[in-house]
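A.B. asks: A predicted structure for the sequence below; I have some questions about it.
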Amino acid sequence: MQMFPTNRPRRLRISPGIRDMVRETRLSTSDLIHPMFVNETLKSAKPVGSMPGVMVRPPSEAVTEAQTAEALGIPAVLLFGIPERKDEEGSAAWADDGVVQTAVRNIKGGTGMTVITDLCLCEYTSHGHCGILRGSEVDNDRTLERYARTAVSQAEAGADIIAPSGMMDGQVVAIRQALDDAGFENVAIMAYSAKYASAFYGPFRDAADSAPGFGDRRTHQMDPGNRREAIREMRDDLLEGADILMVKPAMPCLDIIREARDAFDEPLAAYSVSGEYAMIKAAAANGWLDGDRAMMESLLSIKRAGADMIITYFACEAARLLRGE
Ligand code: PBG
């Protein structure tokens with residue numbers, strides 16, 4: 001009779017050297033995308049209370065922050081803008097000298113980074129909704145025209161990748177056609193395809209001043225109970241011309257990331273959102289978690305689930321650890 005197991009998994013965990021040899025997933029600085037907030041109303045950088053370590057900066061300072069990320073080996077930034085003036089339509093989103101357009105020009109002028117621009121109207125509308133309103137509802141098709149205009153103006157400023165995050169139906173094809181018509185056929189689209197109506201966006205809305213003035217975003221963002229719908233959204237976005245798919249949030253959606261990885265061959269991004277960052281920071285500040293280890297484990301688990309790239313407010317901190325700094 002066999003008294004001991006012949007299979008001893010512990011053999012491969014017995015030393016750091018062997019553990020390293022058999023490690024299946026590795027995080028690298030090139031997996032990370034650094035999100036940045038640029039606010040036209042600011043004269044100097046301002047910390048975000050609910051996101052310790054994250055700053056909102058005036059457009060003139062965007063390039064310095066991008067250079068810091070670049071020096072750490074991070075390949076790309078994702079830009080969010082907060083304009084000086086908001087209106088019903090969010091018209092500052094497509095202004096040639098708008099906050100994001102200016103920041104893109106500065107960053108492209110001062111770094112070699114890939115610049116991704118978030119495309120939504122919630123930071124630009126006086127009511128904080130992601131598009132033009134008809135009554136109390138976002139009017140899908142009239143909003144698409146504004147998204148198309150905004151995409152072209154972001155591309156004219158030098159954006160390499162446009163990332164529509166408003167979850168309007170048809171937003172990818174509307175943007176693709178507008179970009180192509182304007183001669184930007186090589187500007188790519190990273191589609192926020194499976195974006196859930198999540199409580200984990202709370203801290204972001206402080207940073208971006210984009211909380212809806214009334215109601216919520218449940219008529220366009222996805223119900224967290226739905227899994228098959230996420231796959232449908234991603235398939236539709238690919239048919240509409242998306243180059244990169246995204247799942248958001250990340251840690252609450254590891255199953256969706258895995259499923260997307262198995263279902264599609266296209267590059268897959270995961271957005272580890274503001275609330276995921278805030279939770280780890282808050283627990284670490286209380287001494288309840290080892291912040292560095294929790295950060296690295298969460299990023300690794302997102303990659304293990306199948307993400308090729310991770311948008312994370314931890315990008316610079318994680319890059320420093322990965323580089324042994
Ligand atoms: C804009 C947008 C949001 C986020 C990214 N793009 C806010 C929202 O949908 O309410 C959230 C990102 C984060 O929480 O880090 N629509």
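C.D. replies: Thanks, I have it.

A.B. asks: in three-state terms, label A178 for me.
C.D. replies: With DSSP: H, G, I helix; E, B strand; the rest coil as the basis, A178 sits in helix.

A.B. asks: give me the pLDDT for it.
C.D. replies: A178 is assigned a predicted lDDT (pLDDT) of 98.

A.B. asks: OK, contacts around it?
C.D. replies: Going by C-beta atoms under 8 Å, 6 or more residues apart in numbering, A178 touches 148-149, 151-152. Quick note: C-beta positions are derived from backbone N, CA and C, even for glycine.

A.B. asks: that one - nearest residue in space that isn't next to it in sequence?
C.D. replies: Nearest residue to A178, sequence neighbours excluded (C-beta to C-beta, 6 or more residues apart in numbering): A148, at 3.6 Å.

A.B. asks: got the residues of the stretch 101-250 of the chain near the ligand?
C.D. replies: 118, 120, 122, 130, 165-166, 201, 204-205, 210, 217 (C-beta under 6 Å from any ligand atom).

A.B. asks: how does it look with 8 Å?
C.D. replies: When proximity is defined as C-beta under 8 Å from any ligand atom, the stretch 101-250 of the chain approaches the ligand at 118, 120, 122-123, 130, 165-167, 192, 195, 198, 200-205, 208, 210-212, 217, 221, 248-249.

A.B. asks: among the residues you listed, which are located in strands?
C.D. replies: Taking DSSP state E as the definition of strands, these contribute 118, 192, 195, 248.

A.B. asks: among these, which one sits closest to the ligand?
C.D. replies: If you rank these by distance to the ligand using C-beta to the nearest ligand atom, D118 comes first, at 5.3 Å.

A.B. asks: quick one on the thing from earlier: make sure the residue nearest to A178 is indeed in a strand.
C.D. replies: No: looking at A148 with three-state DSSP, it is helix, so not inside a strand.

A.B. asks: what sits against it?
C.D. replies: When contacts are counted by C-beta under 8 Å, 6+ apart, A148 touches 174-175, 177-178.

A.B. asks: assess the claim that L27 and K303 are in contact.
C.D. replies: Yes: with contact defined as C-beta atoms under 8 Å, L27 and K303 form a contacting pair (5.8 Å).

A.B. asks: wasn't G287 part of a helix?
C.D. replies: No: checked against three-state DSSP, G287 lies outside a helix; its state is coil.
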